[in-house]
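*Asks:* Make a model of this:
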Amino acid sequence: MKEKTSITLSKELLTGIDRDTGSKQSRSAYIESVMREHFRQKARRQRDARDLEIINRNAEQLNRDALDALEYQAPLGDSPEE
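*Replies:* Presented below is the predicted three-dimensional model:
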């Protein structure tokens, strides 16, 4: 459900909106789509920051595990066919 609201924007901003939308969509539809994208990106940045925090908190163990796994690999150039 949509609700009607009123906002005040600068003339320059309205000119930019009108230029971007042309006759394709209304100012309201354009502003709504821009704000939806803004909130999607904000949520993605927050999720990425949480993920990075978890990775950094566990970095030492993750690095130890990776080094341990590398010890099980054959050296480069070695293959069973040789």
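*Asks:* residue boundaries of the strands in this protein?
*Replies:* When assigned using DSSP state E, the chain turns out to have no strands.
*Asks:* Quick check: mean pLDDT of the longest helix along the chain?
*Replies:* What stands out as the longest helix in the chain, according to DSSP state H, is helix 27-57. Average pLDDT, helix 27-57: 97.
*Asks:* CA atoms only for stretch 59-69, dumped as PDB, please.
*Replies:* Extracted in PDB, the C-alpha atoms of stretch 59-69 (Å, rounded to 0.1, in the frame of the first residue of the first chain):
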ATOM      1  CA  ALA A  59      41.400 -15.400  10.300                       C
ATOM      2  CA  GLU A  60      44.200 -17.100  12.200                       C
ATOM      3  CA  GLN A  61      42.300 -20.400  12.400                       C
ATOM      4  CA  LEU A  62      41.200 -20.100   8.700                       C
ATOM      5  CA  ASN A  63      44.800 -19.500   7.700                       C
ATOM      6  CA  ARG A  64      46.100 -22.500   9.700                       C
ATOM      7  CA  ASP A  65      43.400 -24.700   8.200                       C
ATOM      8  CA  ALA A  66      44.300 -23.500   4.700                       C
ATOM      9  CA  LEU A  67      48.000 -24.200   5.300                       C
ATOM     10  CA  ASP A  68      47.200 -27.600   6.700                       C
ATOM     11  CA  ALA A  69      45.100 -28.500   3.600                       C
END
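*Asks:* now it, how far from the centre of its chain.
*Replies:* Its chain's average C-alpha position is 27 Å from that of stretch 59-69, according to C-alpha atoms, centre = their mean, to the nearest Å.
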